[in-house]
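A.B. asks: what shape does this take:
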Amino acid sequence: MKVTIAGNVKDIKEGTTLAQLVVDEKVENPEYVTVTVNDDFVENHDLANVTLKENDVVEFLYFMGGGSF
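C.D. replies: Just a heads-up that it's a prediction; the model follows:
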């Protein structure tokens with residue numbers, strides 16, 4: 001089935017969970033990534049419970065702190 005991952009349309013196996021997708025996509029620092037599906041944020045503890053569907057749009061987001069001195 002086709003899903004859009006980080007702006008690229010890809011074929012993935014039916015039944016793929018977000019947790020498996022994080023592994024398959026070799027996401028760097030998965031403990032710090034925030035995942036959205038169709039613009040909805042998914043809690044990290046729910047990644048194994050969310051199964052992707054045809055035409056879903058997945059983004060991996062990293063939030064960075066910053067500041068000035």
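
A.B. asks: could you find the closest non-adjacent residue to residue 14?
C.D. replies: Once flanking residues are discounted, residue 14 sits nearest to residue 1: 5.4 Å by Cβ to Cβ, 6 or more residues apart in numbering. Every residue, glycine included, has its C-beta placed from N, CA and C.

A.B. asks: contacts only, for that neighbour.
C.D. replies: Residues near residue 1 by Cβ atoms under 8 Å, 6 or more residues apart in numbering: 11, 12, 13, 14, 52, 53, 54.

A.B. asks: just send those back as a markdown table, with pLDDT and neighbour count too.
C.D. replies: Output for the contacts of residue 1, formatted as a markdown table (pLDDT from 0 to 100; neighbours: other Cβ atoms under 10 Å):
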| residue | pLDDT | neighbour count |
| --- | --- | --- |
| 11 | 98 | 7 |
| 12 | 97 | 18 |
| 13 | 97 | 9 |
| 14 | 97 | 9 |
| 52 | 98 | 21 |
| 53 | 98 | 12 |
| 54 | 98 | 9 |
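
A.B. asks: of those, which is the nearest to residue 33?
C.D. replies: Comparing the contacts of residue 1 against residue 33 with Cβ to Cβ places residue 52 closest, at 15.8 Å.

A.B. asks: distance of the closest one relative to residue 66?
C.D. replies: Residue 52 sits 32 Å away from residue 66, going by Cβ to Cβ, to the nearest Å.

A.B. asks: with residue 12 instead?
C.D. replies: Computed with Cβ to Cβ, the distance linking residue 12 and residue 66 is 34 Å.
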